[in-house]
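*Asks:* no FASTA, just this:
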């Protein structure tokens, strides 16, 4: 039996459009398009604070998708306001507010892939720096030590160090290749010291081990934060299970017995 689309309620169509727009906005963009329209893109001059605020995070949902979703939400909110009998000025004023709110809020949300990558970096950095220090202590040059670490690890550490390895393989100077990684959130301090040591020829075994110790302390702090947040995240599931059981086992029998005694009088 087919579905009569013509008989569907207009609000069903509105709900379907909202759902499709939400799914489209939250889909991850292609890798080759992630840098377009982002704060790091090359634009003439420095962007103003309002423009940077609207653009959001570098890894956020693209601005075009956020604008589309915000427009859909603003239109639906305006229609609902008109449907419930709200004044026209309220419907007109609510639409741009929701549009800007959707663009800004979605631009500030951290994608789950970025969060997983950051957590993996925190976990892998101490072992990667310790392995590189051991390779340098064994007499390997910096390029060979970097290659060993890239081959030994999977994930973001291997990807980020792999860019340094690829740059040196293409003929980029070692100091320049490592300096490009100086802004890395986990490997940055060690990369800056490696860039200086390649130019001066100093040995970096103790320095790398010091960076590994600091990375291990950051990992311990991050794990403690995660462990503390478990109790907060478990409150809602516990309440969801406990409150209905309390009502069914404690409140409902008491109310039922009181009603039974009142009706029998």
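*Replies:* Right, received. Where do you want to start? Because the structure is predicted, anything quoted here is derived from the model rather than measured.
*Asks:* any idea how far residue 115 is from residue 136?
*Replies:* To residue 115, residue 136 is 32 Å away according to Cβ to Cβ, to the nearest Å. For every residue, glycine as well, the C-beta is placed using N, CA and C.
*Asks:* could you list the low-pLDDT ranges of the stretch 101-250 of the chain?
*Replies:* Counting by pLDDT under 70, the low-confidence segments of the stretch 101-250 of the chain come to 199-203.
*Asks:* ranges for the helices of it?
*Replies:* According to DSSP state H, counting those that start in this stretch, the stretch 101-250 of the chain carries its helices in the segments 112-137, 142-152, 156-169, 174-179, 188-200, 205-233, 235-246.
*Asks:* if we can go back for a sec, so which of residue 136 and residue 115 has more stuff around it?
*Replies:* For the pair residue 136 and residue 115, the greater number of neighbours falls to residue 136 (21 against 11), based on other Cβ atoms under 10 Å.
*Asks:* residue contacts, that one?
*Replies:* By Cβ atoms under 8 Å, 6 or more residues apart in numbering, the contact set of residue 136 is 142, 145, 203, 204, 205, 208.
*Asks:* what does residue 177 give?
*Replies:* If a contact means Cβ under 8 Å, 6+ apart, then residue 177 has 164, 167, 168 as its contacts.
*Asks:* and if we set it to 10 Å?
*Replies:* By Cβ atoms under 10 Å, 6 or more residues apart in numbering, the contact set of residue 177 is 142-143, 146, 163-171, 191, 194-195, 198.
*Asks:* ok, the nearest residue to it once chain neighbours are set aside to residue 178 distance?
*Replies:* Sequence neighbours aside, residue 167 is the residue nearest to residue 177 in space, at 4.0 Å (criterion: Cβ to Cβ, 6 or more residues apart in numbering). To residue 178, residue 167 is 9 Å away according to Cβ to Cβ.
*Asks:* what about the closest residue in space to residue 218 that isn't next to it in sequence, neighbour count?
*Replies:* The spatially closest residue to residue 218, leaving aside those adjacent along the chain, is residue 122, at 6.3 Å (Cβ to Cβ, 6+ apart). Neighbour count of residue 122, defined by other Cβ under 10 Å: 20.
*Asks:* just checking, residue 122 touches residue 214?
*Replies:* No - counting by Cβ atoms under 10 Å, residue 122 sits too far from residue 214 to count as a contact (11.8 Å).
*Asks:* need the overlap of contacts for these two.
*Replies:* Common neighbours of residue 122 and residue 214 (Cβ under 10 Å, 6+ apart) are residue 186.
*Asks:* if I pick the nearest residue to residue 209 once chain neighbours are set aside, what's in contact with it?
*Replies:* Taking Cβ to Cβ, 6+ apart, and ignoring the residues beside it in sequence, residue 209 has residue 133 as its nearest neighbour in space, at 4.8 Å. Shown here is residue 133, whose contacts under the criterion Cβ under 10 Å, 6+ apart are 145, 190, 204, 205, 206, 207, 208, 209, 210, 211, 212.
*Asks:* let's see 8 Å
*Replies:* When the contact criterion is Cβ under 8 Å, 6+ apart, the partners of residue 133 are 204, 205, 208, 209, 212.
*Asks:* narrow those residues to just the buried residues.
*Replies:* 204, 208, 209, 212 (16 or more other Cβ atoms under 10 Å).
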